[in-house]
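Visitor: Pasting a predicted model and its sequence here:
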Amino acid sequence: MKGTAIIIGGGWAGSAAALAAKQGGADRVVILERTDMLLGCGLAGGIMRNNGRQTATEELTAMGAGGLFSITDSVATHKNVNFPGHAHAWLYSTTKIEPAVRNFLEMCGIEIRFRSRVVEFLASGSTICGVTLHDLTESRLEGDVFVDATGSAGSLSNCTRYGNGCAMCVLRCPMFGPRISLTACAGLTDYVGMRLNGEVGSLSGSFELRKNSLSVDIQKALNTRGLAIAPLPKSLINREKLRSKSCQQYALQEYAANVILLDTGDTAKVMTPFLPLEDMRCIAGFENAMIATGSGYANSVRFLSRAPRDNSLKVDTFCNLFCAGEKSGFFVGHTEAIATGSLAGHNAVRTLQGKHAITLPKILACGDIIHAEQEGISSELGLVKRYTFSGGEYFDRMKVKGLYTTRMSEIANRVREADCYRIFANRI
């Protein structure tokens with residue numbers, strides 16, 4: 001199949017879109033990533049398969065989009081970890097994951113261009129024909145189909161305006177330039193997420209500590225169980241900060257009353273919106289704690305740029321532009337990004353072939369969450385709601401609808417019933 005698919009953004013969603021486009025038969029697939037590393041927030045993530053994400057993971061694997069999950073599994077630090085509100089989580093090494101994904105995508109024949117920040121679409125009527133870049137090598141790149149997977153977080157100025165002033169160093173905003181809403185530049189009106197108190201966006205969920213800066217006992221617990229929990233002094237308990245989190249699946253009282261750590265390899269993921277370092281060092285075992293990524297003061301502000309789209313993830317107005325990840329909805333999590341990225345990349349190639357884009361049916365969790373977010377966006381609290389397989393309102397919906405299961409045979413049968421078995425693996 002002759003044709004170029006251009007994927008803008010190399011996070012989990014962009015990586016999944018590129019893989020789906022290549023598997024679908026696109027002759028050339030190019031990822032344009034504005035920084036020098038892939039995965040974005042995945043560089044400080046580390047949690048997979050918890051709660052309904054296990055169901056979604058196995059659905060995607062049965063649909064032929066399991067490649068990236070195989071990579072996270074291969075660098076797992078712990079399997080089947082239970083922590084407050086969450087069951088059967090797998091934790092991956094945030095140190096090993098990026099080079100593993102990069103090598104895998106390159107082996108699949110996908111071009112990856114780093115330090116390639118896209119600043120605008122080039123369009124002819126309703127057709128995107130190329131992009132303008134702000135980089136050192138090329139000012140313009142033409143293509144046939146496009147996926148916007150640029151995310152919804154910061155720049156530094158947005159984090160200062162709407163948050164506590166931290167651009168989340170893992171997103172590397174100051175060095176490589178800010179994320180730009182390309183859909184807004186193209187004249188579309190993006191949806192902007194809100195908080196219950198009326199403020200814009202949501203604060204990202206956690207940060208990481210250097211594991212070797214913690215006490216021997218805490219390190220032992222992390223290495224053996226993947227989990228360590230330390231009670232907070234009453235003076236440091238702040239239950240109100242749970243309301244500001246993007247990740248409402250962690251907005252449980254245990255996360256306000258304790259420091260909950262998960263082992264992500266060389267680092268320990270802190271499951272709280274923020275906790276200043278000077279306060280953390282007052283807790284037994286954390287006297288010499290050092291922050292590895294993120295900030296103890298706050299984190300990135302997200303959900304600032306959700307594109308108008310349909311349930312095939314095609315962006316309104318344009319016939320050959322799709323979106324994925326947080327750009328496609330108020331979704332939280334890596335699995336959610338991979339689900340939307342896989343569908344967007346697949347549909348981009350269908351468009352390249354002159355075929356109609358597909359939607360995933362509601363009998364699959366991966367289809368239902370996309371439909372649910374689209375239905376919810378126009379509701380009274382549509383800009384406040386967040387959607388994740390792992391908790392909150394959407395996980396409750398999964399359970400009510402009977403979508404949540406960990407039985408692999410049942411999931412595979414459901415994918416066959418939906419006529420989606422291996423759909424992302426087969427050349428279109």
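Guide: Perfect, I can see it now. Residues are numbered from 1 along each chain as shown.
Visitor: Give me the below-cutoff pLDDT ranges for the stretch 201-350 of the chain.
Guide: By pLDDT under 70, the low-scoring segments of the stretch 201-350 of the chain are 205-206, 240-251, 273, 298-299.
Visitor: mind listing the helices for it?
Guide: Under the criterion DSSP state H, counting those that start in this stretch, the stretch 201-350 of the chain carries helices at the ranges 216-225, 253-257, 277-280, 334-352.
Visitor: State whether residue 211 and residue 267 are indeed in contact, as I suppose.
Guide: Yes: with contacts counted by Cβ atoms under 8 Å, residue 211 reaches residue 267, the gap being 5.7 Å. Placement of C-beta: from N, CA and C, glycine included.
Visitor: Doesn't residue 146 belong to a helix?
Guide: No: if the criterion is DSSP: H, G, I helix; E, B strand; the rest coil, then residue 146 is strand and not within a helix.
Visitor: Could you pull up the contacting residues of it?
Guide: 5, 6, 7, 8, 121, 128, 131, 320, 321, 322, 348 (Cβ atoms under 8 Å, 6 or more residues apart in numbering).
Visitor: List just the one of the helices of the stretch 201-350 of the chain that sits closest to residue 199.
Guide: helix 253-257 (19.2 Å; Cβ to Cβ).
Visitor: Now do that closest one: everything it contacts.
Guide: The list of residues contacting helix 253-257 from outside it, by Cβ under 8 Å, 6+ apart, reads 84, 85, 231, 232, 237, 238, 239, 241, 242, 260, 271, 272.
Visitor: go again using 7 Å as the cut-off
Guide: Under the criterion Cβ atoms under 7 Å, 6 or more residues apart in numbering, residues 84, 231, 232, 237, 238, 239, 242, 260, 271, 272 lie in contact with helix 253-257.
Visitor: The residue nearest to residue 352 when sequence neighbours are not counted: neighbouring residues, count only.
Guide: Nearest non-adjacent residue to residue 352, counting by Cβ to Cβ, 6 or more residues apart in numbering: residue 3, 4.5 Å away. Look at residue 3: counted by other Cβ atoms under 10 Å, it has 18 neighbours.
Visitor: For the stretch 51-200 of the chain, give me the ranges with low pLDDT.
Guide: The stretch 51-200 of the chain contains residues with pLDDT under 70 at 135-138, 164-169.
Visitor: So residue 369 lies in a helix, does it not?
Guide: Yes: Residue 369 sits within a helix when classified using three-state DSSP.
Visitor: quick one on the thing from earlier: out of the helices of the stretch 201-350 of the chain, the one nearest residue 66 is which?
Guide: In terms of Cβ to Cβ, the element of those nearest to residue 66 is helix 334-352, at 9.5 Å.
Visitor: Quick check: which helices or strands does that closest one pack against?
Guide: Contact here means 3 or more Cβ pairs under 7 Å, 6 or more residues apart in numbering; DSSP states H and E; on that basis helix 334-352 packs against strand 4-8, helix 12-24, helix 52-62, strand 145-148, strand 321-323, helix 365-376.
Visitor: Tabulate the ones you listed in JSON lines, adding columns for distance to residue 36.
Guide: Formatted as JSON lines, these follow (distance: least, Cβ to Cβ, whole Å):
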{"stretch": "strand 4-8", "distance to residue 36": "16"}
{"stretch": "helix 12-24", "distance to residue 36": "15"}
{"stretch": "helix 52-62", "distance to residue 36": "28"}
{"stretch": "strand 145-148", "distance to residue 36": "21"}
{"stretch": "strand 321-323", "distance to residue 36": "24"}
{"stretch": "helix 365-376", "distance to residue 36": "31"}
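Visitor: Pick out whichever of residue 211 and residue 267 has more residues nearby.
Guide: The residue with more neighbours, out of residue 211 and residue 267, is residue 267; 25 against 21, by other Cβ under 10 Å.
Visitor: Please report the distance of the closest residue to that one other than its chain neighbours from residue 152.
Guide: Take residue 267 and drop its neighbours on the chain: the residue closest to it by Cβ to Cβ, 6+ apart is residue 208, 4.1 Å away. For residue 208, the distance to residue 152 (Cβ to Cβ, to the nearest Å) stands at 21 Å.
Visitor: out of those two, which sits in the busier spot?
Guide: residue 152 (29 against 24).
Visitor: The more buried one belongs to a helix, doesn't it?
Guide: No: using three-state DSSP, the assignment for residue 152 is coil, not a helix.
Visitor: show me the contacts for the residue nearest to residue 117 when sequence neighbours are not counted.
Guide: Closest residue in space to residue 117, ignoring its immediate chain neighbours: residue 34 at 3.7 Å, by Cβ to Cβ, 6+ apart. Under the criterion of Cβ under 7 Å, 6+ apart, the neighbours of residue 34 are 116, 117, 176, 177.
Visitor: count of neighbours near the third one?
Guide: Other residues within reach of residue 176 by the criterion other Cβ under 10 Å amount to 19.
Visitor: My read is that it contacts residue 35, right?
Guide: Yes: if you go by Cβ atoms under 7 Å, residue 176 and residue 35 touch, sitting 4.6 Å apart.
Visitor: any idea how the chain splits into domains?
Guide: 4-197+301-417, 204-293 (automatic domain parsing).
Visitor: ranking those by burial, who's on top?
Guide: Most buried of the domains of the chain, by mean neighbour count (mean count of other Cβ atoms under 10 Å): domain 4-197+301-417, with a mean of 21.
Visitor: how far out from the middle of the chain is that one?
Guide: The gap between where domain 4-197+301-417 is centred and where its chain is centred comes out at 6 Å by Cα atoms, centre = their mean, to the nearest Å.
Visitor: Just the endpoints, please. Distance across that domain?
Guide: In domain 4-197+301-417, first residue to last residue: 32 Å (Cα to Cα, to the nearest Å).
Visitor: How about stretch 269-285?
Guide: Start-to-end, stretch 269-285 (Cα to Cα) is 15 Å.
Visitor: same thing with stretch 147-161?
Guide: End to end - Cα to Cα - stretch 147-161 spans 28 Å.
Visitor: Please work out how many residues are found near residue 428.
Guide: Residue 428, neighbours per other Cβ under 10 Å, totals 17.
Visitor: The stretch 51-200 of the chain: helices as residue ranges?
Guide: Under DSSP H, counting those that start in this stretch, the stretch 51-200 of the chain gives helices at 52-62, 67-74, 97-107, 156-162, 173-176, 182-185.
Visitor: The first one versus helix 334-352: what angle between them?
Guide: Here helix 52-62 runs at an angle of 30 degrees relative to helix 334-352 (axes from the mean of the first three to the mean of the last three Cα atoms, to 10 degrees).
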